[in-house]
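A.B. asks: Quick one, what's the 3D model for this:
(one chain, ligands or ions: 1)
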Amino acid sequence: MDFDLTEEQRLVRDTARDFATREIAPKASEIDKSSRWPAEIVAKMGELGFLGMAIPEEYGGAGLDNLSYSLVMEEISAACASCGVIMSVNNSLFCDPIYKFGTDAQKKEVLTACASGKKLGCFGLTEPMSGSDAQTMATNAEKTKDGWVLNGAKNWITNGPHADYILVFCVTDRSSPKIKHTAFLVPKGTPGYTQANPDHKLGIHGAHSCTVFFENCKVPDSAVVGNVGEGFKVAMATLDGGRIGIASQALGIAKACLDVSVPYSKERKSFGVPISQHQAIQFMLSDMATELDAARLLTWRAAIMKDAKERHSMQSAEAKLYASEMATRVAHKAIQIHGGYGYSAEFPVERHYRDARITEIYEGTSEIQRIVIAASLLKA
Ligand code: CAA
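C.D. replies: Next up, the predicted model:
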């Protein structure tokens with residue numbers, strides 16, 4: 001594994017860092033406190049090519065690699081984890097599967113618009129009674145003469161209230177014990193497709209999510225993404241990439257914690273010296289830096305394997321598992337270093353602590369990542 005970034009990767013990372021520092025970080029607290037959808041930042045991310053990073057330019061993307069995507073995700077998420085996941089969902093969970101499995105017409109019309117940031121996508125897999133056990137979904141799509149009729153509900157749909165399109169997974173065949181699923185592309189505004197109000201959550205307040213409903217929602221045959229009956233594989237392959245995005249979001253949150261904890265420890269005094277001179281604080285900072293570096297290496301490995309078009313289910317799961325739990329531990333230590341100020345909304349670390357927690361849950365809980373890793377180990 002080559003640890004050197006190319007000139008292009010460094011340039012992309014520096015562009016993202018500059019943009020995040022100047023235009024996102026100053027607004028992050030306000031976005032969190034007011035639960036505001038950061039429309040102007042989403043638009044600017046589109047202009048910078050950050051909403052379709054690994055999609056070829058002919059389809060509106062930036063034509064970069066997945067390592068660049070991880071680098072940018074880390075920088076954006078360090079400034080604002082809400083902006084990070086908005087970006088991640090559009091890149092990994094929407095544009096990537098449309099590019100891989102979509103028809104030429106879907107790529108020309110929908111992918112080009114979403115990868116360039118003119119439109120936004122979301123991903124509908126989870127349901128009120130089907131989260132980790134994703135195959136057991138209740139949402140159905142019934143075949144008609146000239147299309148399909150969708151019925152059901154999907155919840156926790158990040159970007160759902162604002163997205164122009166949803167990639168939604170439905171059961172299309174229950175005739176045998178092994179049920180079959182199909183993926184559909186549904187534009188917002190299609191009769192029968194509606195969105196509830198945004199969810200109230202512990203963190204990532206700016207990244208609105210909601211429940212969406214399909215009530216006799218009619219779509220044409222041309223809405224099918226991939227092959228009929230193979231939707232579950234589309235979902236799983238998509239999540240292999242999505243987990244790199246969430247691991248990168250966790251890296252950003254942890255980096256933000258370390259970046260404020262080091263200078264704070266040099267300024268804050270106790271027992272007559274800066275707290276950075278206490279070994280207890282030094283050990284915390286050392287553990288934070290070591291774990292962050294370890295998580296970054298796991299994440300970069302998964303991204304490099306995705307770029308090499310190698311199966312990376314296990315490596316993405318390892319990266320997501322370790323990076324997400326690392327981010328929670330690092331944010332916990334950042335609060336400890338800041339003491340009472342860390343618990344106060346005047347300082348950013350309490351936001352990082354709340355934002356970190358979801359990375360252990362969405363796109364597969366830590367327990368699901370362990371199942372994926374064990375399945376790969378035991379299959380060999
Ligand atoms: N790539 C391609 N195919 C895959 C695959 C992959 N990574 N993983 C599994 N498959 C295939 C299998 O080969 C199998 O194919 P066959 O039927 O031909 O044999 C089929 O899919 C079913 O696989 P499993 O038997 O392994 O499926 P399972 O029912 O045991 O479930 C699971 C596996 C890993 C638990 C899966 O259900 C899972 O990942 N659950 C978690 C779901 C999840 O991550 N949800 C997050 C929602 S998205 C989100 O959070 C968005 C957001 O807001 C940010």
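A.B. asks: how about the helices of the stretch 51-200 of the chain, start to end?
C.D. replies: 66-79, 81-88, 96-101, 104-106, 112-115 (DSSP state H, counting those that start in this stretch).
A.B. asks: Convert the first one to PDB, retaining C-alpha atoms only.
C.D. replies: When you say that, I think you mean helix 66-79. The C-alpha trace of helix 66-79 is given here as PDB (Å, rounded to 0.1, in the frame of the first residue of the first chain):
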ATOM      1  CA  ASN A  66     -12.400   7.000  -3.900                       C
ATOM      2  CA  LEU A  67      -9.400   8.000  -1.800                       C
ATOM      3  CA  SER A  68     -10.000  11.600  -2.900                       C
ATOM      4  CA  TYR A  69     -13.600  11.100  -1.800                       C
ATOM      5  CA  SER A  70     -12.500   9.900   1.600                       C
ATOM      6  CA  LEU A  71     -10.000  12.800   2.000                       C
ATOM      7  CA  VAL A  72     -12.700  15.400   1.200                       C
ATOM      8  CA  MET A  73     -15.300  13.600   3.400                       C
ATOM      9  CA  GLU A  74     -12.900  13.900   6.300                       C
ATOM     10  CA  GLU A  75     -12.300  17.600   5.800                       C
ATOM     11  CA  ILE A  76     -16.000  18.500   5.300                       C
ATOM     12  CA  SER A  77     -17.000  16.300   8.300                       C
ATOM     13  CA  ALA A  78     -14.300  17.900  10.500                       C
ATOM     14  CA  ALA A  79     -16.000  21.200  10.000                       C
END
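A.B. asks: Packing partners of that helix?
C.D. replies: In terms of contacts (3 or more Cβ pairs under 8 Å, 6 or more residues apart in numbering; DSSP states H and E), helix 66-79 is packed against helix 7-19, helix 81-88, helix 231-267, helix 279-307. No exception for glycine: its C-beta is placed from N, CA and C like everyone else's.
A.B. asks: Which single residue of the stretch 201-350 of the chain ends up nearest the ligand?
C.D. replies: Closest contact between the stretch 201-350 of the chain and the ligand, by Cβ to the nearest ligand atom, is at residue 236 (3.3 Å).
A.B. asks: and residue 219, which of the helices and strands packed on helix 66-79 is closest to it?
C.D. replies: Of all those, helix 231-267 sits nearest to residue 219, with 13.6 Å by Cβ to Cβ.
A.B. asks: which parts of the stretch 1-150 of the chain sit against the ligand?
C.D. replies: Within the stretch 1-150 of the chain, the positions lying close to the ligand (Cβ under 6 Å from any ligand atom) are 85, 89, 93, 123, 125-126, 132, 134-135.
A.B. asks: Report the buried members of those.
C.D. replies: 85, 89, 93, 123, 125-126, 134 (16 or more other Cβ atoms under 10 Å).
A.B. asks: Domain parsing of this structure, as residue ranges.
C.D. replies: 7-120, 122-229, 233-379 (automatic domain parsing).
A.B. asks: Would you format the ones you listed as CSV with mean pLDDT included?
C.D. replies: Output for the domains of the chain, formatted as CSV (pLDDT from 0 to 100):
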stretch, mean pLDDT
domain 7-120, 98
domain 122-229, 97
domain 233-379, 98
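A.B. asks: returning to what we had before: hey, which of the helices and strands packed on helix 66-79 is tucked in deepest?
C.D. replies: helix 81-88 (a mean of 30; mean count of other Cβ atoms under 10 Å).
A.B. asks: circling back to that earlier point, name all residues that make contact with the closest residue to the residue of the stretch 201-350 of the chain closest to the ligand other than its chain neighbours.
C.D. replies: Among residues not flanking residue 236 along the chain, residue 313 sits closest, at 7.7 Å (Cβ to Cβ, 6 or more residues apart in numbering). By Cβ atoms under 8 Å, 6 or more residues apart in numbering, residue 313 lies in contact with 236, 240, 372, 376.
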